[in-house]
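**Student:** Have a look at this prediction, sequence included:
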Amino acid sequence: MSWSRRAVVAVLPFAVPALAGAQGKLQVPDKWYRVKVEDDAFTVEMPGIPDHKILNDVSARGTRFALHSYSLDAGGNSFVAQTALYPPDVEYREPRRLLQSALDNRARQLAGNKWARTDWREIGGAAAVESTGTLANGSSLRQLVVVKEQRFVSLAFMGPSVGGADANRFFQSLKLA
């Protein structure tokens, strides 16, 4: 090895940390992915690629149906998007009753068995309810449930700040088909 190459190799370990310090901390941008769910029912953005599971569910009258669940844990938060087509024995023409049932079922997992806030509204012509509460384990939960004809859509965010930037981005990214 020539003297000039030895000098470069010897100086390089000292130069790289000096350059890195001069540039400041390396910022890695968050990458959010557009997730298209089963049957193109809706899209939503998540900060990573979620796991997709098909869960077997049963209507109140005992008819089995598939519930598609997309879940991801990232940055100390949990993101869940779910969808299903209600079976024929579910009376979907009364969406507020279905939404109230979804609220009541989830409330069983909340501290005090009740929601801190519920907001009834329409999204893209579909009945919807958004709610927040505290789970029995102390985590915060924000959920949005939408019923559009036979289609059930649910978004849930669990983490320390259900009104923070990540939660807001997740909920605002929902696009119904």
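**Tutor:** Okay, I see it.

**Student:** Show the contacting residues for the residue lying closest to D30 once chain neighbours are set aside.
**Tutor:** Once flanking residues are discounted, D30 sits nearest to P47: 5.8 Å by C-beta to C-beta, 6 or more residues apart in numbering. Using the backbone N, CA and C atoms, a C-beta is placed for each residue, glycine as well. Applying C-beta atoms under 8 Å, 6 or more residues apart in numbering, one finds that P47 lies in contact with 30-33, 72, 74-75, 79, 166.

**Student:** tell me, what residue is most central in the chain?
**Tutor:** For the chain, the residue nearest the mean C-alpha position is F79 (2.8 Å; C-alpha atoms, centre = their mean).

**Student:** Pull out the buried positions in the secondary structure element (helix or strand) that that residue belongs to.
**Tutor:** For F79, the host element (DSSP states H and E) is strand 77-85. The neighbour-count check on strand 77-85 (16 or more other C-beta atoms under 10 Å) flags 77, 79-85 as buried.

**Student:** List the neighbouring strands of that strand plus their orientation.
**Tutor:** With DSSP bridges as the test, strand 77-85 is paired with strand 64-74 (antiparallel), strand 151-159 (antiparallel).

**Student:** what's that strand in contact with?
**Tutor:** By C-beta under 8 Å, 6+ apart, strand 77-85 touches 35, 37-39, 41-42, 44, 46-47, 50, 57, 65-73, 150-160, 166-167, 170.

**Student:** Name the next helix or strand downstream of it, please.
**Tutor:** helix 95-107.

**Student:** Please, where are all the strands along this protein?
**Tutor:** Ranges of strands in the chain, per DSSP state E, are 33-36, 42-46, 51-58, 64-74, 77-85, 117-123, 126-134, 140-148, 151-159, 175-176.

**Student:** In the chain, where is pLDDT below threshold?
**Tutor:** 1-29 (pLDDT under 70).

**Student:** Go again with 90.
**Tutor:** Scanning the chain for pLDDT under 90 picks out the ranges 1-31, 38-39, 60, 75, 124, 136-138, 177.

**Student:** one step back: bridged to the residue nearest to the centre of the chain, which residues?
**Tutor:** F79 has these beta-bridge partners by DSSP bridges: L72, F157.

**Student:** now it: how far from R61?
**Tutor:** 31 Å (C-beta to C-beta, to the nearest Å).

**Student:** How about F157?
**Tutor:** 31 Å.

**Student:** Tell me which of the two has more neighbours.
**Tutor:** F157 (23 against 10; other C-beta atoms under 10 Å).

**Student:** The more buried one and A167 touch, don't they?
**Tutor:** Yes: the pair F157 / A167 is scored as a contact, 4.5 Å apart, by C-beta atoms under 8 Å.
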